[in-house]
Each structure stands twice: as structure tokens, then as C-alpha cells.
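Asks: coords below, sequence missing:
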DNA sequence: GCGACTTTGTGCGATATACGAACAAAAGTC
DNA sequence: GACTTTTGTTCGTATATCGCACAAAGTCGC
């Protein structure tokens, strides 16, 4: 790509939008400038542009995003067939298991939820399509990272902030790489309260007809009701059935 | 705002992202150019910028959005306290009613879902935060439009495509304005299969401590199980309780 | 295989934008 | 209330972007 094929004003504007996610809903020009590292004058122009287009409100001091901004992200969910295709299968899966079922894809060091059938709320965080979790400590993340080559997986881990969320969280890259090998060999990943105390989950890859992993699906359950040791016995068969049902639907 | 405070390259880029929502997931340069009305060279630069930043993939012919684009919309859901604040109340409401409960805000002629507690799937469409429905034929839309001044509501209706979704859909602006008056007076709106055959819903406004309407919440139910005439008896009290519980939490 | 048509890539002049500094206006400090 | 610090806005200029026109590469029918 040539230098001149890059619209830096556009890139700067996107950076400004993302700055809202990292803090609270209101940003002054100076705050946005600090978060993005861009000049105050440049940030001001971007924010005024957003306001002019109705993506943001401006009270003379603070800018806030408006719901119109959701159109941008929703364009992906509406335009990609995968979420819509997975949803009915997750509904069935969730009903059979009596637990929440979700689907996600990998985006850098994070997994992004693209569909979900919730049964009851067991997590402190509220997960909806678009929500993100660190890949290294989520069952679907383990499955998706295991699908990468070892060098790619190492690169992702190197960029990840390997935080000790609970006493059980695996944070040693070598342990994780070893776990990815096991996941590849056995075809599933189980997380026992590594993300949040009281939450277990089990995930399998969603593969297309060529056997390439394009997403992951999981079932989450409260550790109090379903001990980690029971996750496999109770849910692996259901997940594998869903996986098998999806494979022929995913051409390319 | 001065002319020079507007970054047209940014505005053009956002238009390009939105172009993906209207059609399928893959867009060529020429298609994107037609959809946006922008010059091909401009669209090409915007798309290459998106690809360079990881928001899009490019195979040399077609561009597709990547899940990274969800960061933009999700910045709103993460940054705005309203969705997180409403969610637990919707969960309770949904459980008590035994039906799906949702919350939405107005964006132009559409309502945008910002939180949802689903019980079972009764609609053909899959609703998640970020989903949009035309305001004129949705119960929450009626509530939100009723909160506007009559001239504002007329302006929105004038811009709306008043489609006859079912035999019961109200499409006459005068009928709708009259209905908004009733909604204002009685404090709730009921939709009897105007959006989709088999679906009834009832909505009330969410007001802040000054009495300004800032969102709407609703309960949806299959018409086969809960006839429209019963919606009010069964669910209005629950909705009003939720409304009352929320009001003191919404300062400003 | 060969035109007619569509789509994509690129050079260039005119125009619009970003930068950094300077100034003005608040906000915070003592 | 004077001082310092932070924030918002304006301005001139160097630079980057836009849209046009043309060239190149596909795509189609036959």
C-alpha cells in the first residue's frame, strides 16, 4: 500500500471513538487528547465532526457518544452471516444443557462474543454480542488460541496482559502453550474459575468444512452447581453434536 | 462550528463503514462507492485505511469487516452507565413476568436496544443490544415518540418509512399522533402484532428524577399465550414498579 | 479470441487538513 | 485576589487529501 492510500484523518477519528471505551462516557477535548496522544486541535476537529454527524453530543465542555455510534459495530453483526447462523444452534444447546451458551471469535488478544443464549446470570459481568474477554483465561479463548500455530499463539500471549484473576488462573506462557497442545489433541478446553470465582466453562471449536477453526462455542455453569470435573461428562457430547451440526453449514 | 472544524475524510470513512450494514458482508470498491455516493478513489483510500488498521480484511477484490469494528459500537455500551444500570432490573422484571424484557433509546426514526433479558425466542428476528427496529410500530418506540413534542414527533414520522408490516400495523400519521396523546396521558403503549404476527408487547417510559423520558422498557409475549387485552392486566404493574425503582437512580 | 463493458489503480493540480505555537479563558491553588 | 496550571480556540503554513481523467486489468457475451 502506498503512503497516500492511507487517510490519517479517518484513522485519527477512529482512535478518538475508541478512547471513549477506556474511560467514562464523558470526555473533554484535553482528556481525549491525552488518551489518544493526538494534538488537542486535531482531537477537537474529530469530536466536532462526530457531533455534527450525530454520533456524539457536545454540551460545550464534554462530549458523549450517542446510540447512533452503535450503527458502526452493528454493521458487522448484521452483515456477517456467522452470528445469525449460530444463534438457533446456541438456543437449542442452551436449552438442552440448561445453561448459558455462547459463540465468539478471536480479535488479537481478546475473544469477542458474536452470539449468546443466556439461561441465568452467573457472571458478575454482563455479556452480550460485542463483549470482550481476555483470550488466555477463557475457555473459548483457549480453543481459539490452540487453533493458531505455536509461534502465533506465543506472539499473542506475549502481547497479552497475563493477569492473575483468581488463585486458579494460569499465567505462565509455557503452561498455556502446553495446555493448547492438549486442547488441540482432545478437541475441547475447560476453564475452572480462572476468570472469575464460581464460574466454570467448557468450549469446543467451530470448524468449517475444511476443518479450519473459525469460531468457538461454549457452555458456562456455576461451579457450585457443576464442578469442573463434571463439565466434560455433562456437556462435551452436547457441544460436539452442535459442532457436527454446524460444520456442513460453513462452506469456504 | 466553522467550516474548517469538520474533518470530511473522517465523515467519509464512517459513511463507508455504515455501507456494510445495508447489504452483505463483502463489498468491492465500486459497490461501496455506489452505496455511499463517494468517489471510488476516496472509498478505496478509506477501505485500505480500515484494512491497515485491522478493522477490515482485503483479499484483493472484496473488503469484509472484522470483529475489531465492534470496538467502536461497544465503546458506547461500555461507556454509558444506562445499559449496565438497567440490566439487573430487566433481569428481575423478566423473571417475574416470565417473558422477555428489553430497554431501548431513540435514534432518529429507530429504537436501539441497549439492554435485554431474553426468556424464550418468540420473534423471527434476533434482538441484542445494538439491534434496531422502526419506532412507529414498536411499543418502546411509541413511548419514546410520545415523549417528544407533537411537532418533533410529526417530523420523525415524516422521515419514517411507514410500512404495513401486518394487517394490524398503524401507518396513518394522524392515527399515530392520536395514539401518542393517549400514551402520554395513560403512561404506557401496547402493540398488538403490528410489527410481526404473533407478537404483543407493552412498554413504559424510563424517566429521570426530573421526569424527562430517557429510555423505554418493555415486555414482549407471544400473542397465542397472552392476548393483547391481557397485556395491561398482567404486566403493567410490574413495568410501573420497575419504572419507579429506576427513577431515583437516574440523576441529572 | 475479440470487442464492449465494468472495475480497479494511479498521476496530478486544486483544495482541505494537521500541526505547533500563540493567545484567551477557565479552573485550581495558596 | 494574584498566581500557576490546565483547557479551549485561532491562525499561518507545510503537507496530505480529494476528485478528476486516464490507463490498466478483469469480465462478459458470443
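Replies: Received it, and whenever you're ready, just let me know what you need. Quick caveat, the model's predicted, so the values are computed rather than measured.
Asks: Was I right to think residue A:46 contacts residue B:9?
Replies: No: taking contacts as C-beta atoms under 8 Å, residue A:46 lies outside contact range of residue B:9: 10.2 Å. (Each C-beta comes from the backbone N, C-alpha and C, glycine too.)
Asks: what is in contact with these two at once?
Replies: Common contact partners of residue A:46 and residue B:9 (C-beta atoms under 8 Å, 6 or more residues apart in numbering or on different chains): residue A:9.
Asks: higher neighbour count, these two?
Replies: More neighbours surround residue A:46 than the other of residue A:46 and residue B:9, with 28 against 19 (other C-beta atoms under 10 Å in any protein chain shown).
Asks: how much space between that one and DNA strand D?
Replies: 12 Å (C-beta to the nearest atom of the strand, to the nearest Å).
Asks: again with residue A:146
Replies: 36 Å.
Asks: burial measure for that residue, as a count.
Replies: Using other C-beta under 10 Å, residue A:146 has 26 other residues around it.
Asks: same deal with residue A:179?
Replies: As a measure of burial, residue A:179 has 17 neighbours, counting by other C-beta under 10 Å.
Asks: Kindly calculate the angle that the helix or strand bottoming out on mean pLDDT in chain A makes with helix B:70-79.
Replies: Ranked by mean pLDDT, DSSP states H and E, the helix or strand of chain A with the weakest confidence is helix A:70-79, at a mean of 83. Helix A:70-79 and helix B:70-79 meet at an angle of 130 degrees, taking axes from the mean of the first three to the mean of the last three C-alpha atoms, to 10 degrees as the criterion.
Asks: anything in the following helix or strand past helix A:70-79 near chain B?
Replies: Counting by DSSP states H and E, the next helix or strand C-terminal to helix A:70-79 is helix A:81-97. Yes: with C-beta under 8 Å from any C-beta of the partner chain as the criterion, chain B is reached by helix A:81-97 at A:81, A:83, A:84, A:87, A:91.
Asks: Nearest to residue B:53 among those?
Replies: Nearest to residue B:53 among these is residue A:83, at 22.3 Å by C-beta to C-beta.
Asks: Burial check on the closest one, number of neighbours?
Replies: For residue A:83, the neighbour count with other C-beta under 10 Å is 22.
Asks: try residue A:233
Replies: Residue neighbour count, defined by other C-beta under 10 Å, stands at 9 for residue A:233.
Asks: Quick check: it is in a strand.
Replies: No: assignment of residue A:233 by DSSP: H, G, I helix; E, B strand; the rest coil gives helix, placing it outside any strand.
Asks: Distance of it relative to DNA strand C?
Replies: For residue A:233 relative to DNA strand C (C-beta to the nearest atom of the strand), the value is 51 Å.
Asks: Where do the strands of chain A begin and end?
Replies: Residue ranges of the strands in chain A, as given by DSSP state E, are A:26-27, A:56-58, A:63-65, A:100-107, A:110-117, A:132-134, A:189-192, A:199-207, A:213-222.
Asks: Out of these, which gets nearest to DNA strand C?
Replies: Closest approach to DNA strand C among these (C-beta to the nearest atom of the strand): strand A:26-27, 13.7 Å.
Asks: residues near the residue of the stretch 1-150 of chain A found nearest chain B, how many?
Replies: The nearest approach of the stretch 1-150 of chain A to chain B comes at residue A:73, 2.3 Å away (C-beta to the nearest C-beta). Using other C-beta under 10 Å, residue A:73 has 27 other residues around it.
Asks: about what we covered before: go back to the residues of helix A:81-97 next to chain B and keep what's next to DNA strand D.
Replies: When C-beta under 7 Å from any atom of the strand is applied, no member of the residues of helix A:81-97 next to chain B is adjacent to DNA strand D.
Asks: correct me, but residue A:248 touches residue A:210?
Replies: No: contact between residue A:248 and residue A:210 fails when scored by C-beta under 8 Å: they sit 11.7 Å apart.
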